[in-house]
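[1] got a predicted structure plus its sequence, pasted below:
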Amino acid sequence: MKMDIHEILKHLPHRYPIILVDRVLEIEKGRRIAALKNVSINEPVFMGHFPHYPVMPGVLIVEAMAQTAAILAFVSLDKPADRSAVYLFAGIDGARFKRQVGPGDQLRLEVELLREKAGIGKFSGRALVEGQVVAEAELLCAYRQIPALAG
């Protein structure tokens, strides 16, 4: 299964300027996903991080992995993202950053579901640029209904 940005927006509640997945290359439901994030100088974060030497913050690389995990989770659960549910960070372990990411780079986001129980998933994620790992982490994410909007 592949997804363009229009399909991604049906599976993620995130919107500009925090949507960090541009394309899904492949999904194995309940197992793994590979996606892309195109890093552009036009992104608001580069006005301040750093104007003279633009570097994508590590926290945004991890967020891109988490959004990729959320797409896998929503697809695997056969639940479309809507205003009544979110997939939230519950923990980050072993985050490592191997090299800087900047404008012009294309992040390949690879996420694997390690286990899921009671709406909490544990994922192994890594981000690559030109085949080299630039970041990796284990992510805990939790599916949650939003009480005020659940219907």
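    Done, it's in. Quick caveat, the model's predicted, so the values are computed rather than measured.
[2] which SS class is the residue sitting nearest the centre point of the chain?
    In the chain, the residue lying closest to the centroid (CA atoms, centre = their mean) is residue 67, at 2.6 Å. Put simply, residue 67 is helix when judged by DSSP: H, G, I helix; E, B strand; the rest coil.
[3] just the pLDDT at it, thanks.
    Confidence at residue 67, expressed as pLDDT, is 96.
[4] so it makes contact with residue 21?
    Yes: Residue 67 is within contact range of residue 21, at 5.0 Å (criterion: CB atoms under 8 Å). (C-beta placed from N, C-alpha, C; glycine too.)
[5] before we move on, which element is residue 109 in?
    Remark: residue 109 resides in strand 106-117, with elements defined by DSSP states H and E.
[6] low-confidence stretches in this protein?
    Residue ranges of the chain with pLDDT under 70: 80-81, 148-151.
[7] could you pull out the helices in it for me?
    5-11, 58-76 (DSSP state H).
[8] extract the C-alpha set from the shortest one and format it as CSV.
    Think helix 5-11. Taking Å, rounded to 0.1, in the frame of the first residue of the first chain, the C-alpha atoms of helix 5-11 are listed here in CSV:
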residue,chain,number,x,y,z
ILE,A,5,-0.1,13.4,0.9
HIS,A,6,-3.9,13.4,0.3
GLU,A,7,-4.2,9.9,1.6
ILE,A,8,-1.8,10.6,4.5
LEU,A,9,-4.0,13.5,5.7
LYS,A,10,-6.9,11.0,5.9
HIS,A,11,-4.8,8.9,8.3
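[9] counting contacts, what elements does that helix pack onto?
    strand 23-28, helix 58-76 (3 or more CB pairs under 8 Å, 6 or more residues apart in numbering; DSSP states H and E).
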